[in-house]
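Enquirer: only geometry, no sequence info:
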């Protein structure tokens, strides 16, 4: 019963986040006033009914009862307004009716009768300061102070007609109490608002920093793709030269006339065109693969088989490596599903292959092995190049660290690989020694789809 009621209170369509936090308490307060105030008035009338029948009801009491009932009605109306998203209007109406009731009671009954009951006045200042702000708080304080002075004047004319000065004895202490409460509420709420503003400013700065980091990260990855693409250009040019040579050779056959029949020449022409088409399709496949890799897209994480992806990437890896470097690939026969952006996965492998090409001086071997171990897809990339001393191997993943000449790279390739692996929840380690080659081991979590 209790939790559904709280959920109902929280469903009020209040847009402001601060007002949304206050809406539950204010609705509960309004419901309490809307129920208890009329119930109290009804109980008082029933309890004093015999006396009222005998002596009648003074008009001052009639006005007080009417004002109390007005508080209850305004409170229930405030709940209805909040349920329609009019939060601040509901609070303003409640504060207004409380101030009006207080002023009327002061004018009719004087200050002395109101001194024992200060709850409504404190409630007015609390609601004004916490919900509506500083201007509303000090406006409410001024109206309360005016009503208190009015009540003291009323006492001077009625209750202390013989000694009017006595009516003002309690006035300074009451005003000082109101002032002290107003100052405390003002300082407290202002400190809370400053904290909220600082928190919002830090949140906005953090969001901007995150967006900037994402933009820089995307630019860095794209720059790495361009660098790898440029390094593969010569191999791609060689492939396209072979393709164009084949196409030109088959096209040149149209000039040959062996004296055969028209059907034989047509069959020969059809065979040549089929070979031209096959060569063109091979060139188109190379272009599509290169364009797909180098394009600048948003990150698209997907589940794919790491072994199949490496197998499909072998032509690009061979283009990147020198002809004197032998590429060998071995994988488990079982599927190796991972959750990763495929183009970024290819970028990692091409980056590492690029480093291998630079590390091997002359002929060499580049081994890639992919297997499943302990819930991870483990990819080992080994070369038999010159290797690295321990102090260099310890810094290979640092951004802008490079042992190459200044015009031979940015020093960001392995840093990008490290970030991509760790972002995906994996690990990467390097093992190397001078003259013993280098091994990079990448461990990526198996996809939950496995």
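Expert: Yes, it's here. Since this is a predicted model, take the numbers as computed values, not measurements.
Enquirer: which one is residue 317 nearest to, not counting chain neighbours?
Expert: Leaving out its chain neighbours, the residue that sits closest to residue 317 by C-beta to C-beta, 6 or more residues apart in numbering is residue 353, at 5.1 Å. Glycine gets a C-beta too; all of them are placed from N, C-alpha and C.
Enquirer: give me the number of residues near that neighbour?
Expert: Residue 353: 25 surrounding residues under other C-beta atoms under 10 Å.
Enquirer: ok, now residue 264?
Expert: There are 11 residues near residue 264, going by other C-beta under 10 Å.
Enquirer: what do you get for residue 185?
Expert: Counted by other C-beta under 10 Å, the residues lying close to residue 185 total 21.
Enquirer: which ones are touching it?
Expert: 125-126, 129-130, 137 (C-beta atoms under 8 Å, 6 or more residues apart in numbering).
Enquirer: follow-up on the earlier one: residue 320 is in contact with the residue nearest to residue 317, correct?
Expert: Yes - using C-beta atoms under 8 Å, residue 353 makes contact with residue 320 at a distance of 5.1 Å.
Enquirer: quick check: buried residues in the helix or strand encompassing residue 35?
Expert: Using DSSP states H and E, residue 35 sits within helix 17-47. Neighbour-count burial for helix 17-47, counted by 16 or more other C-beta atoms under 10 Å, picks out 19, 22-24, 26-27, 29-31, 33-34, 37-38, 41.
Enquirer: so can I have JSON lines of those residues showing pLDDT and distance to residue 423?
Expert: Formatted as JSON lines, the buried residues of helix 17-47 follow (pLDDT from 0 to 100; distance: C-beta to C-beta, whole Å):
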{"residue": "19", "pLDDT": "80", "distance to residue 423": "38"}
{"residue": "22", "pLDDT": "83", "distance to residue 423": "40"}
{"residue": "23", "pLDDT": "85", "distance to residue 423": "40"}
{"residue": "24", "pLDDT": "86", "distance to residue 423": "39"}
{"residue": "26", "pLDDT": "87", "distance to residue 423": "44"}
{"residue": "27", "pLDDT": "88", "distance to residue 423": "44"}
{"residue": "29", "pLDDT": "86", "distance to residue 423": "49"}
{"residue": "30", "pLDDT": "87", "distance to residue 423": "50"}
{"residue": "31", "pLDDT": "89", "distance to residue 423": "50"}
{"residue": "33", "pLDDT": "86", "distance to residue 423": "55"}
{"residue": "34", "pLDDT": "87", "distance to residue 423": "55"}
{"residue": "37", "pLDDT": "83", "distance to residue 423": "60"}
{"residue": "38", "pLDDT": "84", "distance to residue 423": "62"}
{"residue": "41", "pLDDT": "79", "distance to residue 423": "66"}
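Enquirer: farthest pair within the residues you listed?
Expert: 19 and 41 (30.5 Å; C-beta to C-beta).
Enquirer: neighbours around residue 70, how many?
Expert: 14.
Enquirer: and residue 90, by the same measure?
Expert: Using other C-beta under 10 Å, residue 90 has 25 neighbouring residues.
Enquirer: quick one: the helices in the stretch 151-300 of the chain, in order.
Expert: 171-252, 262-294 (DSSP state H, counting those that start in this stretch).
Enquirer: ranking these by mean pLDDT, which is last?
Expert: Here these differ in mean pLDDT, and the lowest is helix 262-294 at a mean of 65.
Enquirer: pull out the buried positions in the following helix or strand past that helix.
Expert: Per DSSP H and E, the first helix or strand lying C-terminal to helix 262-294 is strand 301-305. Within strand 301-305, the residues that count as buried by 16+ other C-beta under 10 Å are 304-305.
Enquirer: longest strand in this structure, by number of residues?
Expert: strand 364-373 (DSSP state E).
Enquirer: helices or strands up against that strand?
Expert: helix 306-320, strand 325-331, helix 342-359, strand 376-383 (3 or more C-beta pairs under 8 Å, 6 or more residues apart in numbering; DSSP states H and E).
Enquirer: using a markdown table, lay out these together with mean pLDDT.
Expert: A markdown table is the format used below for the helices and strands packed on strand 364-373 (pLDDT from 0 to 100):
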| stretch | mean pLDDT |
| --- | --- |
| helix 306-320 | 83 |
| strand 325-331 | 89 |
| helix 342-359 | 82 |
| strand 376-383 | 93 |
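Enquirer: can you say which of those is nearest to residue 419?
Expert: Between these, helix 342-359 lies closest to residue 419; by C-beta to C-beta that is 9.9 Å.
Enquirer: distance from the chain centre to the closest one, please.
Expert: 32 Å (C-alpha atoms, centre = their mean, to the nearest Å).
Enquirer: now it: buried residues?
Expert: 342-357, 359.
Enquirer: and the angle from it to strand 301-305?
Expert: Counting by axes from the mean of the first three to the mean of the last three C-alpha atoms, to 10 degrees, helix 342-359 points 60 degrees away from the direction of strand 301-305.
Enquirer: and the spatially closest residue to residue 361 that is not a sequence neighbour, backbone torsions?
Expert: Nearest residue to residue 361 in three dimensions, chain neighbours excluded: residue 386, at 6.5 Å (C-beta to C-beta, 6+ apart). With angles defined as degrees, to the nearest 10, residue 386 sits at phi -70, psi -20.
Enquirer: separation between residue 386 and residue 196?
Expert: Per C-beta to C-beta, to the nearest Å, residue 386 is found 59 Å from residue 196.
Enquirer: residue 427 contacts residue 417, doesn't it?
Expert: No - using C-beta under 8 Å, residue 427 is not in contact with residue 417, being 11.7 Å away.
Enquirer: who has more neighbours, these two?
Expert: Looking at residue 427 and residue 417 with other C-beta under 10 Å, you find the greater number of neighbours at residue 417, namely 24 against 14.
Enquirer: list the contacts for residue 32?
Expert: Going by C-beta under 8 Å, 6+ apart, residue 32 touches residue 75.
Enquirer: please tell me how far it sits from residue 441.
Expert: 66 Å.
Enquirer: go on, residue 398?
Expert: Residue 398 is 18 Å from residue 441, by C-beta to C-beta.
Enquirer: try residue 343
Expert: Going from residue 343 to residue 441 by C-beta to C-beta gives 22 Å.
Enquirer: likewise for residue 207?
Expert: 36 Å.
Enquirer: these two: which has the busier surroundings?
Expert: Neighbour count, other C-beta under 10 Å: between residue 207 and residue 441, residue 441 has more, with 15 against 10.
Enquirer: show me the contacts for that one.
Expert: 378-381, 428-431.
Enquirer: out of those, which are buried?
Expert: Neighbour counting with 16+ other C-beta under 10 Å marks 378-381, 428, 430 as buried within the contacts of residue 441.
Enquirer: can you tell me which of those is nearest residue 310?
Expert: residue 379 (7.5 Å).
Enquirer: in the sheet, who's paired with the closest one?
Expert: residue 370, residue 442 (DSSP bridges).
Enquirer: any idea how far residue 213 is from the residue nearest the centre of the chain?
Expert: By C-alpha atoms, centre = their mean, the chain has its centre lying nearest to residue 207, at 7.6 Å. Per C-beta to C-beta, residue 207 is found 11 Å from residue 213.
Enquirer: perfect, I'm done here.
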